[in-house]
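**Q** got a sequence here, can you model it:
(2 chains)
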2 protein chains.
Amino acid sequence: MEYKLGLIGCGTVGQGLLEILRNKKDQLKDKHNFEVKVVAISDKLKGSLLIPEGINLEKLLHILDEGKRISEYLEGTANEAEQMDALEMIEKCDAHIIAELTYTDIKTAEPATSYIKKALQTGKHVVTSNKGPAALHCAELMRLAHENNVSFRIEGTVMSGTPVFNLFENALSGNKIKEIKGILNGTTNFILSKMEEENMDYEDALLLAQELGYAEADPTADVEGYDALAKIVILSNVLLEGNIKPSDAEREGIASLSKEDILKAKEEGYRYKLIASTKKESGQIKASVSPQKLSLADPLSGIMGANNALTFDLDLLGKVTIQGPGAGKIETGYSVLADMLAIHRLFSK
Amino acid sequence: MEYKLGLIGCGTVGQGLLEILRNKKDQLKDKHNFEVKVVAISDKLKGSLLIPEGINLEKLLHILDEGKRISEYLEGTANEAEQMDALEMIEKCDAHIIAELTYTDIKTAEPATSYIKKALQTGKHVVTSNKGPAALHCAELMRLAHENNVSFRIEGTVMSGTPVFNLFENALSGNKIKEIKGILNGTTNFILSKMEEENMDYEDALLLAQELGYAEADPTADVEGYDALAKIVILSNVLLEGNIKPSDAEREGIASLSKEDILKAKEEGYRYKLIASTKKESGQIKASVSPQKLSLADPLSGIMGANNALTFDLDLLGKVTIQGPGAGKIETGYSVLADMLAIHRLFSK
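**A** Alright, predicted model coming up:
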């Protein structure tokens, strides 16, 4: 079965996805009866393309690798798509699936939310790795998808391609969730690991994280817990059927932790982690992000470096923990493929 | 959608499954549109029942809890089912799904394999937690299922209800597996944990494991690695499309490890684990079970006590590790429910 795909945003994640689709073409066709034709790309910085018969990914990736504009693909021929904004492109592109991969604005969730609404309203499935719409408007977007008989899928918003939503939806179904606890931010976990294992000061560990590309120049979103907060809100609303906003959850970052706190905990057989957790009590979601002193028997205490992990505490299975990458070009690109394969399973019968 | 279920074997796992089906009746119907009517039970020791209109689970579980024979259910009325052997029962019971939950005989895989074949040949899906048929005849049984347009599912054979096959089939699909490494035997992991954490001798730790019910009176299958071996053979044949027998894999147990080895490794920052691993090299499966000294950075090194864990090393995601229970009445009972829900997803459209 062939799916036409439109990409809104073609940064790191989009390019990761395109590389996967190029490299795995035969495997996906042979093993999953799944073929993808990329028919549209719209990127604010790099330009746009609309090619109903499908874009040659080898040629496009070569252009992107060289840092050129996407229109170079047409080699000078007129490119009508350059006049279209993303909304127009979504409406006109005749794709089955839109991958919404623009930057996260956690305050407004725009323009991503408008893009997603337009896609759902015109009968297209949407896959996104953008935390904004999922954190602020999940229930509304899920409802809109349902009304239009399409899917709104968000695997990449939490733990990149390490499956959380797809895991619970399929392999853990039938369980009820008592609590979710996770290490959802790789940057802060890297900093805490370095402080404990290599006796580094907070400032030095942060600097190293910045040098290695784990932390941004302004590290506030990571170290103050805003990134983990958005993710635990998404998990609360999707997996616990809550309806909370980021401001409904408690949040404390790691900046207040001193090296002394961490080393003292280590001596006592404990380890500090920035833990995002959520549970439902009498119908109310209780979600929080805060540094917690875990016993070394906790499955999350052994997660070191930039890794992410999530523990589901379940009524039938007890604690099941999944650990894996929390970022990365190919890893997050894969989250989009995983959701497209889920759409293929759900809708192709 | 309602499924008629036949149980072959009604020991711990079967009773766990029946309890789940009783307790989750409403949840499964409301959330998954999934209803189960148990129409047949055949157990060598406890007797048999064949009730096409469905068995009242509350009443049956009460009888089982009291340690009585299953025929008590009929309160003296003639029970024709008592004259039938399991094969006849499978043929006559008109179930959609057979749960094969008899004891594992890892040398012959019988009588379970005959039961499974009969069920598949008469057009019934089969779900099993029995390692014998899956380790010795997986390819043949999968082919037989395919020919009869039904499913042969084995989630419970490895890590009880902690999802391994359902995880890879859905949430990780599209990845290629470079290597699988796991802690697949809870008893030996418990013993190694006690030797390291509480400075116990091997013999004392084994005795404690026996007292707690983790290890059997004859602990050979666990401590010599036969149990983990059967599981890594199943993983090799199902997830790596191999065709190996237990004798094709290397096997070494933990009995040769001394407390001194373990404490010396600990001092050097390592930890001994009984590791089952498999990979495909030039079309050949290389599978083994042996004690390995892991660095503390290995995701498997933090798995303590009777827990199980499996690391998938994947071409797109890198290492993804799932950790959870490896045994238990409700946990293994859940594996059967998970596979039935998978059948529901795959065949109900």
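**Q** so where's chain A uncertain?
**A** A:349 (pLDDT under 70).
**Q** just want the residue of it that's nearest chain B.
**A** Of all residues in chain A, residue A:302 sits closest to chain B, at 2.7 Å by Cβ to the nearest Cβ. (C-beta placed from N, C-alpha, C; glycine too.)
**Q** which residue packs closest to that residue, ignoring adjacent ones?
**A** Closest residue in space to residue A:302, ignoring its immediate chain neighbours: residue B:302 at 2.7 Å, by Cβ to Cβ, 6 or more residues apart in numbering or on different chains.
**Q** do the same with residue A:101
**A** residue A:9 (3.8 Å).
**Q** I'd say that neighbour and residue A:43 touch.
**A** Yes: here residue A:9 reaches residue A:43: they are 6.0 Å apart, a contact under Cβ atoms under 8 Å.
**Q** mind checking which of the two has more residues around it?
**A** residue A:9 (24 against 20; other Cβ atoms under 10 Å in any protein chain shown).
**Q** next up, the contacts around that one.
**A** By Cβ atoms under 8 Å, 6 or more residues apart in numbering or on different chains, the contact set of residue A:9 is A:42-44, A:99-103.
**Q** if we go to 6 Å?
**A** When contacts are counted by Cβ atoms under 6 Å, 6 or more residues apart in numbering or on different chains, residue A:9 is found next to A:43, A:101-102.
**Q** and for residue A:205?
**A** A:191, A:194-195.
**Q** how long is stretch A:233-246 from one end to the other?
**A** 6 Å (Cα to Cα, to the nearest Å).
**Q** how about it and chain B, any contact?
**A** No: applying Cβ under 6 Å from any Cβ of the partner chain, one finds stretch A:233-246 separated from chain B by no less than 10.5 Å.
**Q** buried set for that stretch?
**A** A:233-240, A:242, A:244, A:246 (16 or more other Cβ atoms under 10 Å in any protein chain shown).
**Q** stretch A:190-209 too?
**A** A:190-196, A:200, A:202, A:205-206, A:208-209.
**Q** and the helix ranked longest in chain A, C-alpha only, in PDB?
**A** When chain A is parsed with DSSP state H, its longest helix is helix A:329-347. C-alpha atoms of helix A:329-347 as PDB (Å, rounded to 0.1, in the frame of the first residue of the first chain):
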ATOM      1  CA  LYS A 329      18.100  12.900  14.100                       C
ATOM      2  CA  ILE A 330      17.400   9.300  13.100                       C
ATOM      3  CA  GLU A 331      15.900   8.300  16.400                       C
ATOM      4  CA  THR A 332      13.300  11.100  16.200                       C
ATOM      5  CA  GLY A 333      12.900  10.600  12.500                       C
ATOM      6  CA  TYR A 334      12.000   7.000  13.300                       C
ATOM      7  CA  SER A 335       9.200   8.100  15.600                       C
ATOM      8  CA  VAL A 336       7.400   9.400  12.500                       C
ATOM      9  CA  LEU A 337       7.900   6.200  10.700                       C
ATOM     10  CA  ALA A 338       6.600   4.200  13.700                       C
ATOM     11  CA  ASP A 339       3.400   6.300  13.700                       C
ATOM     12  CA  MET A 340       3.000   5.900  10.000                       C
ATOM     13  CA  LEU A 341       3.300   2.200  10.300                       C
ATOM     14  CA  ALA A 342       0.700   2.300  13.100                       C
ATOM     15  CA  ILE A 343      -1.600   4.200  10.700                       C
ATOM     16  CA  HIS A 344      -0.900   1.500   8.100                       C
ATOM     17  CA  ARG A 345      -1.900  -1.200  10.600                       C
ATOM     18  CA  LEU A 346      -5.000   0.600  11.800                       C
ATOM     19  CA  PHE A 347      -6.400   1.800   8.500                       C
END
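**Q** give me the helices and strands touching it, please.
**A** helix A:12-23, strand A:125-128 (3 or more Cβ pairs under 6 Å, 6 or more residues apart in numbering or on different chains; DSSP states H and E).
**Q** dump those to JSON lines, plus distance to chain B and mean neighbour count.
**A** Output for the helices and strands packed on helix A:329-347, formatted as JSON lines (distance: least, Cβ to the nearest Cβ, whole Å; neighbours: other Cβ atoms under 10 Å in any protein chain shown):
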{"stretch": "helix A:12-23", "distance to chain B": "7", "mean neighbour count": "21"}
{"stretch": "strand A:125-128", "distance to chain B": "13", "mean neighbour count": "29"}
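**Q** tell me the SS of residue A:145?
**A** helix (DSSP: H, G, I helix; E, B strand; the rest coil).
**Q** contacts only, for it.
**A** A:120, A:151-152.
**Q** list the contacts of residue A:101.
**A** Taking Cβ under 6 Å, 6+ apart, we find residue A:101 in contact with A:9, A:13-14.
**Q** kindly indicate which of those lies nearest residue B:109.
**A** For the contacts of residue A:101, the minimum distance to residue B:109 (Cβ to Cβ) is 46.6 Å, reached by residue A:13.
**Q** from residue A:309, how far out is the closest one?
**A** 21 Å (Cβ to Cβ, to the nearest Å).
**Q** same deal with residue A:173?
**A** When residue A:173 is compared with residue A:309 (using Cβ to Cβ), they lie 21 Å apart.
**Q** which stretches of the stretch 101-250 of chain A form strands?
**A** Remark: strands assigned in the stretch 101-250 of chain A by DSSP state E, counting those that start in this stretch are A:125-128, A:152-153, A:177-183, A:250-251.
**Q** tell me which parts of the stretch 101-250 of chain A are close to chain B?
**A** A:161-163, A:166-167, A:170-171, A:173-174.
**Q** who's residue A:321 bridged to?
**A** residue A:311, residue B:323 (DSSP bridges).
**Q** residues contacting it?
**A** So residue A:321 contacts A:299, A:309, A:311, B:323 (Cβ under 6 Å, 6+ apart).
**Q** now those residues in CSV, with distance to residue B:49 and neighbour count?
**A** Shown next, in CSV, are the contacts of residue A:321 (distance: Cβ to Cβ, whole Å; neighbours: other Cβ atoms under 10 Å in any protein chain shown):
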residue, distance to residue B:49, neighbour count
A:299, 41, 24
A:309, 45, 25
A:311, 40, 24
B:323, 38, 27
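**Q** tell me which of the residues of the stretch 101-250 of chain A next to chain B is nearest to residue B:109?
**A** residue A:171 (25.8 Å).
**Q** what about the closest one, how many residues nearby?
**A** Residues near residue A:171, counting by other Cβ under 10 Å: 28.
**Q** just residue A:100 next, same as before
**A** Counted with other Cβ under 10 Å, the neighbours of residue A:100 add up to 26.
**Q** surely it and residue A:117 touch.
**A** No: in this structure, residue A:100 is not within contact of residue A:117 by Cβ atoms under 6 Å, at 10.4 Å.
**Q** please parse chain A into its domains.
**A** With domains defined by automatic domain parsing, chain A comprises A:2-162+A:329-347, A:174-324.
**Q** how distant is the longest one from the center of its chain?
**A** It stands for domain A:2-162+A:329-347. Computed by Cα atoms, centre = their mean, to the nearest Å, the chain-centroid distance of domain A:2-162+A:329-347 equals 13 Å.
**Q** endpoints of that domain, how far apart?
**A** First residue to last in domain A:2-162+A:329-347 (Cα to Cα) measures 12 Å.
**Q** the helix or strand that residue A:319 is a member of to helix A:329-347, inter-axis angle?
**A** Per DSSP states H and E: residue A:319 is located in strand A:318-324. Interaxial angle, strand A:318-324 versus helix A:329-347 (axes from the mean of the first three to the mean of the last three Cα atoms, to 10 degrees): 130 degrees.
**Q** next, the angle from strand A:318-324 to strand A:177-183.
**A** Angle of strand A:318-324 versus strand A:177-183, following the same axes, to 10 degrees, is 30 degrees.
**Q** then strand A:318-324 to CSV, C-alphas only?
**A** Written as CSV, here are the backbone C-alpha positions of strand A:318-324 (Å, rounded to 0.1, in the frame of the first residue of the first chain):
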residue,chain,number,x,y,z
GLY,A,318,3.5,-4.2,38.1
LYS,A,319,6.5,-2.1,37.0
VAL,A,320,7.5,-2.2,33.4
THR,A,321,10.3,0.1,32.4
ILE,A,322,11.4,1.1,28.9
GLN,A,323,14.8,2.7,28.3
GLY,A,324,16.2,4.2,25.1
